[in-house]
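Colleague: any chance you could fold what I've pasted below:
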Amino acid sequence: GIPYATFVCIYKKLLIGSFRAGSYSTPRLDKYRFILRCLLQSRIHMAFEVASASTEILNTFYRLMGMKIGWNSQVMPLDLVEFDLFSIGNNCSFGGQVMVFCRNSVGKHEACKIGNFSAITNSAGMLSGSSIG
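Modeller: Residues are numbered from 1 along each chain as shown. Have a look, this model is predicted:
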């Protein structure tokens, strides 16, 4: 779990860098995003779920990937690649397998935000530029 998570963090930092709101995707970036999504879905979530990892371990991993997570927020495994464009407020709760798309249909990156004291149900989806709470 931990060595693989470290590899995924290094992959994102070196080959992708940070996503910025307002920038557009390129074919090269799309290829790296696809590989990152495959890396995340293959072993990261399984390693954390099977080991009965607390949400603090997931929060730490997501923060290393660039996500902003507020105090006392319970975040379960997400289907997300653009961690830098997603922020979560204080005292939030997530269901499992929430999908967040921070890229719109023309390839423009837009930030998504979850406000304070919000709850997201299982298998919910957020589109680019949306805000909850």
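
Colleague: can you count the residues close to the nearest residue to residue 133 once chain neighbours are set aside?
Modeller: Among residues not flanking residue 133 along the chain, residue 115 sits closest, at 3.0 Å (C-beta to C-beta, 6 or more residues apart in numbering). For the C-beta atoms, the positions are set from N, CA and C on the backbone; glycine is no exception. By the criterion of other C-beta atoms under 10 Å, residue 115 has 14 neighbours.

Colleague: repeat for residue 12
Modeller: Neighbour tally, residue 12, other C-beta under 10 Å: 24.

Colleague: can you pull the contacts of it?
Modeller: Contacts for residue 12 (C-beta atoms under 8 Å, 6 or more residues apart in numbering) come out as 36, 65, 66, 83.

Colleague: most surrounded residue in these?
Modeller: Neighbour counts for those peak at residue 83, which has 24 neighbours (criterion: other C-beta under 10 Å).

Colleague: if I look at that one, how far off is residue 75?
Modeller: According to C-beta to C-beta, to the nearest Å, residue 83 stands 11 Å off from residue 75.

Colleague: now swap in residue 19 and tell me
Modeller: With the distance defined as C-beta to C-beta, residue 19 ends up 18 Å from residue 75.

Colleague: what do you get for residue 4?
Modeller: According to C-beta to C-beta, residue 4 and residue 75 sit 19 Å apart.
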